[in-house]
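*Asks:* Starting from these lines, generate the structure:
(one chain, ligands or ions: 1)
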Amino acid sequence: MQLPDDAAGTSTPRDTPMHDDRSGHYFATSPTAASVPASVRLELPEGTFRLVTDRGVFSADRIDPGTRILLRDGPDPAPEGTLVDLGCGYGPIAVTLAMRSPNARVVAVDVNERALALCATNAASLGLGNVSVATPAEISDDLLVDELWSNPPIRIGKPALHQLLDEWLARLAPHGRAILVVQRHLGADSLQAWLVENGRPTQRLASRKGYRLLEVRPS
Ligand SMILES: C[S@@+](CC[C@H](N)C(=O)[O-])C[C@H]1O[C@@H](n2cnc3c(N)ncnc32)[C@H](O)[C@@H]1O
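*Replies:* Modelled structure (predicted):
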């Protein structure tokens, strides 16, 4: 399928089979696809880890290339405080943050309940007691976030994505930051421009294989 040139900037959301199941979007609350558990290898400089995945969750057959770049080329996470993985899926970002910052509290958030259950299982099987999972509705209004990490759900469409980011970036502590990975062809540059126009200083930390790593500071 031809991908939209700038999904985060101008186009309506679409999905590729890799990111979807045949009976629902990966961002469905309760995926309708029958469960078919599988596993993927998360290869990090620290070692290689197996994560369980399933149908109906994002990139169930491999670690998403954008996520790989985020974890390989991204900065070190804050050593302590509250780190949020927004749109955690089965948890590659959340478990990596938890391993790299054992004294931090990692909150993994997703609307997809199957993804949350997988993320909890993956954190537990890696012995990571500093990860908790939550739906957005379970997050308290006064949660203060030191770092927000995300491979965000671009395909929910621009208005929903902007609303989601507005909501979460407003939770950043004054010294906090967000680290995002976004595909250039899915609107990374227009997303960066929108963030800056809305008073959130945003710089590109890296650009690799068509992905941008963005660091966003609070207004
Ligand atoms: C691009 S995927 C990234 C998944 C995972 N972090 C990874 O790297 O494999 C985006 C995730 O955002 C989730 N999502 C969609 N809308 C959301 C929302 N409003 N709040 C939180 N998560 C959401 C989707 O269910 C999906 O798991």
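*Asks:* and the end-to-end length of stretch 86-105?
*Replies:* Chord length of stretch 86-105, first to last residue, is 14 Å (CA to CA, to the nearest Å).
*Asks:* Touching, residue 173 and residue 142? I think so.
*Replies:* No. Contact status for residue 173 versus residue 142: not in contact, 11.8 Å apart, counting by CB atoms under 8 Å. (Glycine included, C-beta is placed from N, CA and C.)
*Asks:* Neighbour count: those two, which is higher?
*Replies:* residue 173 (14 against 6; other CB atoms under 10 Å).
*Asks:* residue contacts, that one?
*Replies:* Residue 173 sits next to 81, 144-146, 218 when contact means CB atoms under 8 Å, 6 or more residues apart in numbering.
*Asks:* quick check, nearest of the residues you listed to the ligand?
*Replies:* Closest to the ligand out of the contacts of residue 173 is residue 145 (13.4 Å), distances taken as CB to the nearest ligand atom.
*Asks:* What is the burial count for residue 139?
*Replies:* 16.
*Asks:* Now do it against the ligand, distance only.
*Replies:* Counting by CB to the nearest ligand atom, to the nearest Å, the separation of residue 139 from the ligand is 9 Å.
*Asks:* Touching, that residue and residue 108? I think so.
*Replies:* No. Contact criterion CB under 8 Å: residue 139 and residue 108 do not qualify, at 11.0 Å.
*Asks:* Where does the prediction get shaky in the protein?
*Replies:* Along the chain, the model assigns pLDDT under 70 to residues 1-24.
*Asks:* Around the ligand, pick out the residues from it.
*Replies:* Residues of the chain found near the ligand (CB under 6 Å from any ligand atom) are 26-27, 58-59, 64, 67, 86-89, 92-93, 109-112, 115, 136, 151, 153, 156, 164.
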